[in-house]
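Chemist: I'd like to go over a predicted model; first the sequence, then the structure.
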Amino acid sequence: MRYFDLHCDTINKCMETCSDFSDNPHALSLKKGMPAFERWVQCFAIWMLDEYRGDDAVRFYERNLEYFKSQLEKNRDKILQVKNPDDLKGDDTRLRAILTVEGGSALAGRPERVEKLKNDGVKMITLTWNAANEIGSGQLEDRGGLTKIGKEIVKEMDCQGVIVDVSHLNDDGFYDVASIAGKPFVASHSNLRSIQNHKRNLTDEQFRIIRDVGGIVGLNFYTGFISDENPEDFEALFRHVYHFLELGGENTLCMGSDFDGADVPKYIKDISCVPALYNKMAQYGLDKTTLDKIFYENSVNFFEKNLT
Ligand SMILES: [Zn+2]
């Protein structure tokens, strides 16, 4: 099968634990993932902790970037970093790695840094993590959308072709992005609030807005965004999938596992469990066309169109 995952935190996890992409005890490794897929595209996020701002955040970003590059170098026969849409093509089985940043604090409030990150190979930036930063407010803040500089940064990202990710942003921030973004935007790892009432999840209306602008949304496996009652049951995750589809999300819904950044149910404990998840959704009545869209095609179509 083919798999395209919009979010994992494996860079930080491996750096913290001095372990390697190829083989490690975490949820995502080449050893666990490569045998499972004939084509695998993985977004690797540099997760910006909320304790870092300004130059501290820049240094933290650089450390993670160096680590990511060293892992790519070490595993260069197995991983190809996606720099342009053509890198998504080809028949070889190398993992296609897309570098992303989770937390716009890496820009340190300086719009000119968008171009620097773009030149580093960063294709998508989640504007905030949970707290407020120079760009805007995360989900921990009830009010306050994008700052003045945040709006400039979103416009600069549009100009530079760096994709805007609204996961983690609060509702005011979401609607600010919706009103100013000139390009389709993404919620890389967010579920539905109408199924699990958590501020990290999207409202039905927010999902429709992303769908209507041609964006995509990644299904998150974090138990806290799946259900308070029965997060370990497959049915609980499937309720999100089912409702995404009821909302007309057939061409919008994608996968955004959050592997190595979140507690996930045992039945999807690591990347090797993804084919079983696909089969389980098939047993619950989703046809192959829909499943292939969710697990791969919607994401690849989006990136082919929007990668620069
Ligand atoms: Zn996250």
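Modeler: Sure, I can see it. Residues are numbered from 1 along each chain as shown.
Chemist: Check which helices and strands whichever strand or helix holds Val101 sits against.
Modeler: Assigned by DSSP states H and E, Val101 belongs to strand 95-102. For strand 95-102, the elements it packs on are strand 39-47, helix 54-74, strand 79-81, strand 122-126, judged by 3 or more Cβ pairs under 8 Å, 6 or more residues apart in numbering; DSSP states H and E. Where you see a C-beta, it was placed from the backbone N, CA and C, and this is true even at glycine.
Chemist: And the strands in the stretch 151-300 of the chain?
Modeler: 163-165, 217-219, 253-255 (DSSP state E, counting those that start in this stretch).
Chemist: Quick check: which of those strands is nearest to Asn298?
Modeler: Proximity to Asn298, assessed across these by Cβ to Cβ, is greatest for strand 253-255 (4.9 Å).
Chemist: So which elements touch the closest one?
Modeler: Using 3+ Cβ pairs under 8 Å, 6+ apart as the contact test, the elements touching strand 253-255 are strand 2-5, strand 217-219, helix 234-246, helix 298-306.
Chemist: ok, and which of those has the densest surroundings?
Modeler: strand 217-219 (a mean of 27; mean count of other Cβ atoms under 10 Å).
Chemist: just to revisit the earlier point, and of the helices and strands packed on strand 95-102, who's closest to Tyr242?
Modeler: Among those, strand 39-47 comes nearest to Tyr242, with 24.5 Å by Cβ to Cβ.
Chemist: quick one: the closest one to helix 54-74, angle?
Modeler: Per axes from the mean of the first three to the mean of the last three Cα atoms, to 10 degrees, the angle that strand 39-47 makes with helix 54-74 is 150 degrees.
Chemist: average pLDDT for strand 39-47?
Modeler: Average pLDDT, strand 39-47: 98.
Chemist: got the angle between it and strand 122-126?
Modeler: Per the same axes, to 10 degrees, the angle that strand 39-47 makes with strand 122-126 is 60 degrees.
Chemist: neighbouring strands for strand 39-47, and are they parallel or not?
Modeler: Using DSSP bridges, the strands paired with strand 39-47 are strand 2-5 (parallel), strand 95-102 (parallel).
Chemist: Give me the distance from the strand holding Val101 to the chain's centre.
Modeler: Mean-position distance between strand 95-102 and its chain equals 9 Å (Cα atoms, centre = their mean, to the nearest Å).
Chemist: Include distance to Tyr278 when you put the strands paired with strand 39-47 into TSV, please.
Modeler: Below are these laid out as TSV (distance: least, Cβ to Cβ, whole Å):
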stretch	distance to Tyr278
strand 2-5	8
strand 95-102	18
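Chemist: Tell me which of these lies nearest to Ser70.
Modeler: Ser70 sits nearest to strand 95-102 of all the strands paired with strand 39-47, at 13.1 Å, using Cβ to Cβ.
Chemist: For the closest one, list the C-alpha coordinates in PDB.
Modeler: Provided in PDB are the C-alpha atoms of strand 95-102 (Å, rounded to 0.1, in the frame of the first residue of the first chain):
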ATOM      1  CA  LEU A  95      11.100   7.000   1.900                       C
ATOM      2  CA  ARG A  96      10.100  10.500   0.700                       C
ATOM      3  CA  ALA A  97      10.800  12.900   3.600                       C
ATOM      4  CA  ILE A  98       9.200  16.300   3.700                       C
ATOM      5  CA  LEU A  99      10.700  18.700   6.300                       C
ATOM      6  CA  THR A 100       8.100  20.800   8.200                       C
ATOM      7  CA  VAL A 101       8.200  23.000  11.300                       C
ATOM      8  CA  GLU A 102       5.700  22.800  14.200                       C
END
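Chemist: Could you check the angle it makes with helix 298-306?
Modeler: 80 degrees.
Chemist: and strand 95-102, average pLDDT?
Modeler: Average pLDDT, strand 95-102: 98.
Chemist: In the very next helix or strand once past that strand, which residues are buried?
Modeler: Downstream of strand 95-102, the next assigned helix or strand under DSSP H and E is helix 113-120. Across helix 113-120, burial judged by 16 or more other Cβ atoms under 10 Å covers Arg113, Val114, Leu117, Lys118, Asp120.
Chemist: quick one on the thing from earlier: as JSON lines, the helices and strands packed on strand 95-102 with distance to Arg208 would be great.
Modeler: What follows is these, written out as JSON lines (distance: least, Cβ to Cβ, whole Å):
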{"stretch": "strand 39-47", "distance to Arg208": "23"}
{"stretch": "helix 54-74", "distance to Arg208": "33"}
{"stretch": "strand 79-81", "distance to Arg208": "33"}
{"stretch": "strand 122-126", "distance to Arg208": "21"}
